[in-house]
Every structure is written in structure tokens, then in C-alpha cells.
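Visitor: sharing a model prediction with you, sequence too.
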Amino acid sequence: MSAMTTTMEGSAAHREQPAADSVFVRACRGLPVPYTPVWFMRQAGRSLPEYRKVRAGIAMLEACRRPDLVAEITLQPVRRHGVDAAILFSDIVVPVAAAGIDLDIEPGTGPVVAEPVRTEADLARLRPLTPPDVSYVDEAVRLLAGELGGTPLIGFAGAPFTLASYLVEGGPSRTHAKTKAMMYGQPELWHALCARLAGITLEFLRVQVAAGVSAVQLFDSWAGTLSEADYRRFVLPHSAHVLGGLSGAGVPRIHFGVGTAQLLTAMGEAGADVVGVDWRTPLDAAAALVDGPSGRGPHGSGRPVQGNLDPCVLFAPWPVVEREVRRVLAEGRAAPGHVFNLGHGVLPETDPEVLTRVVALVHEASAR
Ligand code: CP3
């Protein structure tokens, strides 16, 4: 299968330090680094012609279940852009499908659930996850950990709220009305659903850690739709169960959501080593909101942050991109560690060459 070669021979990765002491992992831990590491959410995907080529005729979920394809797609952005970390090619709904929910990922739409989960009886269809349910993920991570050498691999999962939103709505939603209706109207069912999802998510992440990922990211993409009070009451305990369950795993935990300015303190408290921030909140303001692991400290004494270039800035002329990248780097210095990223995923229309230039600029402009 020559078009699907996964070798990284000759790349910088093999000459670097072990992944567990990479620039990316060190920045996640707030340790000194020679430059600010950078990767992009959704870097493995539709902005790359080589991705569209290997995915042609293969459905998204099927691709996620084929370790050779997962490895190839995960490596593509590392080869092309020289990013400081790879992220496993998968999707947040993969473990939910493996735990018994009939769903599909439709191009241009996202996850669509055949029978939404809205009652006690529906919840019974969602089994706890066991490692053999996702053996293909274990296999893909092992393949990748070998191929990547010193480049760390980020594992990930969806957080209970964001997963519950897809299950209850049956697909993507702007208002999350049905999700909130369950949350406010049937709190016991809500907590039972989120507890089940937290168990699935924790197991899914444990499989990835055991197979060799160097960090994990918990995506609570849609939590920003909640007030802080509701987040603390209905969501935080479940996300804390996931993140707390990995506290002894030896890998940094990144916790990210979109539109979460009002939640950054709480999301940090849920047990994140690194708090991901979207483009709406400057990183220095975000750093001031995120407490240190043992409580609130003075400005900047909190935790490392990740972010937060607006993905749409990449459509602007280069001088604007450069100015914005430098601004994000400057604001990131307020935190004890900074991992450069976008404020959300790479948009499919993005010119990949601009991403490559951003990586080079981040490395050069942050060199110390
Ligand atoms: O970041 C990466 O490069 C790794 C791969 C990755 C995918 N999904 C691949 C994917 C990751 C980390 C995800 C996470 C994910 N999936 C999230 C959290 C991140 C975020 O964006 O907030 C969410 C909410 C989902 C659910 C989901 N799956 C959505 C919203 C979509 C996009 C729908 C669309 O087509 O616009 C998907 C499908 C999906 N997941 C694609 C990819 C590459 C596109 C499907 C395809 O290429 O056919």
C-alpha cells in the first residue's frame, strides 16, 4: 500500500527528545521551552488535498476504524506543516457508536443519531465502553507512537455535555433546546446520561493513554452555551470525573470549549492542566481567569493556556495574519505556559500553505 505509507524516516521527529519531554508537553506543564509549540485543532482533515485523496469513497466512521488510514491521516499535517504535535484522527462520537448508539457522520453536517436519546429506555441503549469495543483505536495509537518518534500524539474525546447534546438533539443544534429541556426538566435523567457518557469518555481516553498518547484533549465544544452556574451544576462534576480519572495517567490534560469566557475558571477547576481558549477572549485575560492548581493566585500564576488565533484570520492577507500571530504570542506570555493553536478548528476552505507559514512564524517569533 505505497500511497498509504506511514513512515516518518528522515523527519526531525526521530532526532528530537522523547515525546514525553517534547516542547509541546513541556509547555503544557509550564516548563521552560526554546520556542512556543504549535498545532491546530482539526489539522487532520479537509483543508488538505492529501486527506481528501485518501478519504475518497470511504465514509468518515469507517475511516476512523481503519488503523492504517488513521495513522496516515494523523501524520499528514505533521509532515506538511511541521507542527509540534499530532492529533489522532477520529471523532468525538466514535466511542458512543462503539457503545451501542446507531449514528453516522454526514459530510457537511456532522454527527446524526438515528434514534435520539430522550428517555430512561433510550439511555439503556448506551452501554458502558470496554477496551475491545475500540481495539482499532488502540492499534492506531500504537502504530502512530512508533512512527512519530519524538513528536507527541494528542489523544482526545468529547466531554459529557457536548456528547449529550448530539445524542439528545439527534444532530447538530444552534440552541441546544432539547438538551437544555432535559437538563432543566429531567435533572435525574440528565445526570444519569452524563454519568454514563463520562464513564465512556474516561475509558476511551484510558485506552489511548495505555496505547501511548502523550497528552489528551477533552473537547467540550458547545459548553459555552451555558451560564457559569448551570455549567457548575449540570456539567462540571461529569467533566471532573473524566479529567480527575486521568490525574495519575502522567499525561497533560487540555480542556477546550468555544465561547467559554464565562466558564474559564470553572473549566480549569474541572481538572485541566491546560485551558483551551477561543478567539473571543485574549489569552492574557484568560490567564487571569484560570486559577492555579491549588487555588486563585495573582495574575498569570494559573495554568498554561492554549489558543487562540481566529481561524478566519487565515483568510486575510499575510501581513494581517502575521500581526495577529504576534499579538496572540505576546498575550500568551501572561500565562505560565502557552501552546499556540487556533481558537477553534481549521476551516475546510483554509489554504494549507498559510498554516505552514504560521507554524514557521510561531517558531521564529517565539524563539528564546
Ligand atoms: O483535530 C483533528 O484534526 C483530529 C480529528 C477530529 C475530527 N473531529 C475529525 C473530523 C477531531 C479532534 C474531531 C472532534 C470533533 N468532532 C468535535 C470537537 C472539536 C470541534 O470542532 O469543536 C466535534 C464537535 C465533532 C463533531 C463533528 N464531526 C463535527 C461538528 C463535524 C464536522 C461536520 C462537517 O462536515 O462540517 C464532524 C465530522 C468530522 N470530524 C470531519 C473530520 C475530519 C469531517 C468529515 C469528513 O471529512 O468527511
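Guide: Yep, it's here.

Visitor: who touches stretch 77-88?
Guide: If you take C-beta atoms under 8 Å, 6 or more residues apart in numbering as the criterion, stretch 77-88 is touched by 8, 11-13, 22-24, 37-41, 43-44, 48, 50, 70, 74-75, 137, 140-141, 144, 148, 151-156, 208, 213-215, 217, 352, 355-356, 359-360. No exception for glycine: its C-beta is placed from N, CA and C like everyone else's.

Visitor: most distant residue from the centre of this structure?
Guide: Counting by C-alpha atoms, centre = their mean, the extreme residue of the chain relative to its mean C-alpha position is residue 121, 30.8 Å from that point.

Visitor: secondary structure element for that one?
Guide: Following DSSP states H and E, the helix or strand that holds residue 121 is helix 120-123.

Visitor: OK, contacts around the closest residue to residue 31 other than its chain neighbours?
Guide: Excluding its sequence neighbours, the residue lying closest to residue 31 (C-beta to C-beta, 6 or more residues apart in numbering) is residue 337, at 7.4 Å. The contact partners of residue 337, by C-beta under 8 Å, 6+ apart, come to 26-31, 33, 274, 303-305.

Visitor: how does it look with 7 Å?
Guide: If a contact means C-beta atoms under 7 Å, 6 or more residues apart in numbering, then residue 337 has 27-30, 304 as its contacts.

Visitor: now it. Its backbone dihedrals?
Guide: phi -160, psi 150 (degrees, to the nearest 10).

Visitor: the residue farthest from the centre of the chain and the ligand: what is the separation?
Guide: 25 Å (C-beta to the nearest ligand atom, to the nearest Å).

Visitor: one step back: go through the contacts of stretch 77-88 and flag which are in helices.
Guide: With helices identified by DSSP state H, the entries of these that belong to them are 23-24, 50, 70, 74-75, 137, 140-141, 144, 148, 208, 352, 355-356, 359-360.

Visitor: and these, which are buried?
Guide: 23-24, 50, 70, 74-75, 137, 140-141, 144, 148, 208, 352, 355, 359 (16 or more other C-beta atoms under 10 Å).

Visitor: near the ligand, which residues of the protein show up?
Guide: For the chain, the residues in contact with the ligand under the definition C-beta under 6 Å from any ligand atom are 41-46, 55, 60, 87, 89, 91-92, 105, 107-111, 156, 162, 219, 221, 345.

Visitor: which of the residues you listed are buried?
Guide: Listed as buried from the residues of the chain next to the ligand are 41-46, 55, 60, 87, 89, 91-92, 105, 111, 156, 162, 219, 221, 345; burial here means 16+ other C-beta under 10 Å.

Visitor: any idea how far the residue farthest from the centre of the chain is from residue 302?
Guide: If you measure residue 121 against residue 302 using C-beta to C-beta, to the nearest Å, the figure is 44 Å.

Visitor: for the most centrally placed residue in the chain, list the residues it contacts.
Guide: Of all residues in the chain, the one closest to the mean position by C-alpha atoms, centre = their mean is residue 217, 4.2 Å from it. Each residue near residue 217 by C-beta under 7 Å, 6+ apart is listed here: 154, 156, 254, 256.

Visitor: what ranges does this protein have for its strands?
Guide: Across the chain, reading from the start of the chain, the strands by DSSP state E fall at 86-87, 103-106, 110-113, 153-158, 215-219, 253-256, 274-276, 305-309, 338-342.

Visitor: now those as a markdown table including mean pLDDT?
Guide: Converted to a markdown table, these look like this (pLDDT from 0 to 100):
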| stretch | mean pLDDT |
| --- | --- |
| strand 86-87 | 98 |
| strand 103-106 | 97 |
| strand 110-113 | 98 |
| strand 153-158 | 98 |
| strand 215-219 | 98 |
| strand 253-256 | 98 |
| strand 274-276 | 97 |
| strand 305-309 | 98 |
| strand 338-342 | 98 |
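
Visitor: any idea what the residue in the stretch 51-200 of the chain positioned nearest to the ligand is bridged to?
Guide: Shortest the stretch 51-200 of the chain-to-the ligand distance, computed as C-beta to the nearest ligand atom: residue-wise this is residue 110, at 3.4 Å. In this entry, residue 110 is beta-bridged to residue 106, by DSSP bridges.

Visitor: I'd guessed it sits against residue 172; true?
Guide: Yes. With the criterion set as C-beta atoms under 7 Å, residue 110 and residue 172 qualify as a contacting pair; they are 4.8 Å apart.

Visitor: which residues touch residue 138?
Guide: 131, 207, 211.

Visitor: turn those residues into a markdown table, including pLDDT and neighbour count.
Guide: Conversion of these to a markdown table gives the following (pLDDT from 0 to 100; neighbours: other C-beta atoms under 10 Å):
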| residue | pLDDT | neighbour count |
| --- | --- | --- |
| 131 | 98 | 14 |
| 207 | 98 | 23 |
| 211 | 98 | 21 |
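
Visitor: will you turn the residues you listed into TSV that also has distance to residue 262?
Guide: Below are the contacts of residue 138 laid out as TSV (distance: C-beta to C-beta, whole Å):
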residue	distance to residue 262
131	37
207	33
211	36
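
Visitor: what is the nearest of those residues to residue 182?
Guide: residue 207 (28.3 Å; C-beta to C-beta).

Visitor: got any ranges where the stretch 101-250 of the chain has weak pLDDT?
Guide: Counting by pLDDT under 70, the stretch 101-250 of the chain contains no low-confidence residues.

Visitor: now the end-to-end length of stretch 45-60.
Guide: According to C-alpha to C-alpha, to the nearest Å, stretch 45-60 extends 11 Å from its N-terminal end residue to its C-terminal end residue.
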